[in-house]
Each structure stands twice: as structure tokens, then as C-alpha cells.
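In: I need the structure of the sequence given here:
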Amino acid sequence: MSDYAPPIVVTLLLWWGSTGVLLYLDGLSRRTFVWSLAGATALFALALWGIVATRSETTASSAYYAFVCGLTAWAWQLVSYYMGFITGPRKTACPPHLRGWRRFIEAVRTSLYHEIAIILCAVALVALTRNQPNQIGAWTFLILWWMHTSAKLNLYFGAPNLSEELLPEHLRYLATFMTRRPMNLFFPLSVSASTIVTVLIAQKALVATTPFELVGFTILATLMALAVAEHWFLVAPLRANALWSWGVKEGRPDEANEYDSLRIVAIEAPMRRSRVSEV
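Out: Just a heads-up that it's a prediction; the model follows:
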């Protein structure tokens, strides 16, 4: 079982470290964002080259390299989004009166260009590794995409731990599309699906016959396990954000209070109307 420890530890450290670095860079002055994006773009280009270079290799080291490349490709998506370069056509808070499909559509519009960029990148990675033995980079990207999308949907439908304090000032309006509630119907479905996929990939890792399969499937299983953990972080009575306290800039601008107020109104207004109708 000691053979499984290195890929598990590497995956955990890179997931934790890359998230903290992103939070740190996002907390710097906006004047630095263009340099952060430039650096991320250079690394993204290297990642694409690395995925092509390792797609036909089936060694343990090539599995690690492909994983890092897939993670780097995903990191570029987050840098371009959370630094405000590629978001969506809507850049304002949710009006308190919006409900149902209208509210959902406006929520999608806040990150529409970002989602399109992810789809294009996913298609490119799948195409680059199609019919190749090493697809770890592409699967890494797809799993991270699932983690991100499922978390966003759960925040929209409702969860007790919104972690809106991690949003940078220029994206604080996104908090107005979140809902604070104990649970939502999508949560058990997303957790169950992630858990099933985790078990299936872990089984492949346990019966791996080559070092490449052992490392690759262990990395992917660990990523899926992190997806399950991130889902439970949304509802568990604990401060998971403390994991990245080293990367979060202390204090938020006063302008954030305006969006906090709007978020509360956007969430509670429909509830007040429903109570009035009952009376």
C-alpha cells in the first residue's frame, strides 16, 4: 500500500498549494493581475506542450507530468476568471425580485464567457489525447471542471457555507446569486455521483498492473475524493477556509459591505413574499 502514498500526497499538496497561490495572487493589487495572467498563460502553453509530449508515454513519471499539466491548464481558467479577465456579460448584482429561471439565467450570464473558455479547453485536451494511452492530463481537467461546476450549482441552489468572503472585491456581486440554506435537492445527487465515481476509479487503482496505471488512477481517485470533500465542506459545521488562511489577504474593502447587503436582500426577499402570501 505504500506505493499509493506518493501520488496521494502529491495530489493533495498541489491541490492545496495551487488554491492558496491563486487566493494570494487574487488578493494583490489589480495592477498585478495582468502579470499574473501573463505568467499563467506562459505556463498554460507549456502545459499544452507537456500533454502532447507525454500522451504516448506510460511511465509513472509521465502520469505525474500529465497531471501537473492538466492542473496548470485548469489554473489558467481560474486565473482568467477570478481576476476578472474572462467572466460574462453580467457584472452587476442580482436584483432582489428575480426568481426562478430568470434568476438562473442571469447567474449563468455572470460567467458565460468563462464556461465557454472551459468547454473549448476541454475539447482541445480531449482531442490532443484521443486514442492515446496517457490521458491523465485531460481527465484531471475534466474532474476539476466537475468539482467547480457542481460547487457553483450547490452555492446557487443553497448551502450553509457559502465562503463568499473568498471572493475578490471586483467579483463580490457573485455573492448575490448565492443562497444560504441548510440543504438543496442537488446536493445529495452531486455527492452521490462523485462518491460512486471515486470508488470506481479507486478500484482501478487497486488492481493496477503497471506503475503508470497505479499512479494515474490514484491521482484521479484522490481528485474525486477531494471533490466529495469539497461538497461536504459546503454543509459541514467547520471552517474549511482555514486551510488557505496563509493565502488570503487579511481584511476586505469596505465596498464589500454593499454587496453583502444586496446578497441578503436577494436571498430573503422571495422568502418574505411567500410568508406574506400565506397570511
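In: Show me which parts of stretch 25-42 are buried, residue by residue.
Out: Buried positions in stretch 25-42, judged by neighbour count with 16 or more other CB atoms under 10 Å: Leu25, Asp26, Gly27, Phe33, Ser36, Leu37, Ala40. In short, each C-beta sits where N, CA and C put it, glycine included.
In: ends of that stretch, how far apart?
Out: 16 Å (CA to CA, to the nearest Å).
In: Sort the buried residues of stretch 25-42 by pLDDT and name the bottom one.
Out: Within the buried residues of stretch 25-42, the minimum per-residue pLDDT falls on Gly27 (89).
In: What about the buried residues of stretch 25-42, which are in helices?
Out: Leu25, Asp26, Phe33, Ser36, Leu37, Ala40 (DSSP state H).
In: Mind putting those residues into CSV with distance to Cys69?
Out: Formatted as CSV, those follow (distance: CB to CB, whole Å):
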residue, distance to Cys69
Leu25, 20
Asp26, 22
Phe33, 23
Ser36, 19
Leu37, 18
Ala40, 13
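In: ok, back up a step: from the buried residues of stretch 25-42, which is closest to Glu57?
Out: For the buried residues of stretch 25-42, the residue nearest Glu57 by CB to CB is Ala40; the value is 25.3 Å.
In: The closest residue to Ala240 other than its chain neighbours: neighbour count?
Out: Once flanking residues are discounted, Ala240 sits nearest to Phe233: 3.9 Å by CB to CB, 6 or more residues apart in numbering. Applying other CB atoms under 10 Å, we find 18 residues neighbouring Phe233.
In: do Arg130 as well
Out: By the criterion of other CB under 10 Å, Arg130 has 10 neighbours.
In: and if you look at Tyr156?
Out: The tally of other residues near Tyr156 (other CB under 10 Å) stands at 18.
In: Tell me who's in contact with it.
Out: Listed by CB atoms under 8 Å, 6 or more residues apart in numbering, the contact partners of Tyr156 are Phe104, Ala107, Phe177, Met178, Thr179.
In: How about the secondary structure of the last one?
Out: Just to be clear, that refers to Thr179. Here Thr179 is coil, with the state taken from DSSP: H, G, I helix; E, B strand; the rest coil.
In: In contact with it: list those residues for me.
Out: Leu155, Tyr156, Phe157, Gly158, Ala159, Ile267.
In: and Pro160, what are its phi and psi?
Out: Note on Pro160: its backbone torsions stand at phi -70, psi -30 [degrees, to the nearest 10].
In: if I read this right, it contacts Trp232, doesn't it?
Out: No: using CB atoms under 8 Å, Pro160 is not in contact with Trp232, being 11.4 Å away.
In: shared neighbours, those two?
Out: If you check Pro160 and Trp232 against CB under 8 Å, 6+ apart, no residue is contacted by both.
In: Could you list the low-confidence segments of the chain?
Out: By pLDDT under 70, the weakly predicted segments of the chain are 250-279.
In: Any chance you could spot the residue sitting in the middle of it?
Out: Relative to the mean C-alpha position of the chain, the nearest C-alpha, by CA atoms, centre = their mean, is the one of His148, at 3.0 Å.
In: Which residues are in contact with that residue?
Out: Contacts of His148 by CB under 8 Å, 6+ apart are Leu78.
In: All the helices of the chain, residue numbers only.
Out: Secondary structure of the chain by DSSP H: the helices cover 5-26, 33-54, 60-82, 100-109, 112-129, 136-157, 186-206, 211-233, 256-278.
In: Dump those helices into a markdown table; add distance to Trp244 as well.
Out: Putting these into a markdown table (distance: least, CB to CB, whole Å) gives the following:
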| stretch | distance to Trp244 |
| --- | --- |
| helix 5-26 | 5 |
| helix 33-54 | 17 |
| helix 60-82 | 13 |
| helix 100-109 | 25 |
| helix 112-129 | 21 |
| helix 136-157 | 15 |
| helix 186-206 | 21 |
| helix 211-233 | 12 |
| helix 256-278 | 18 |
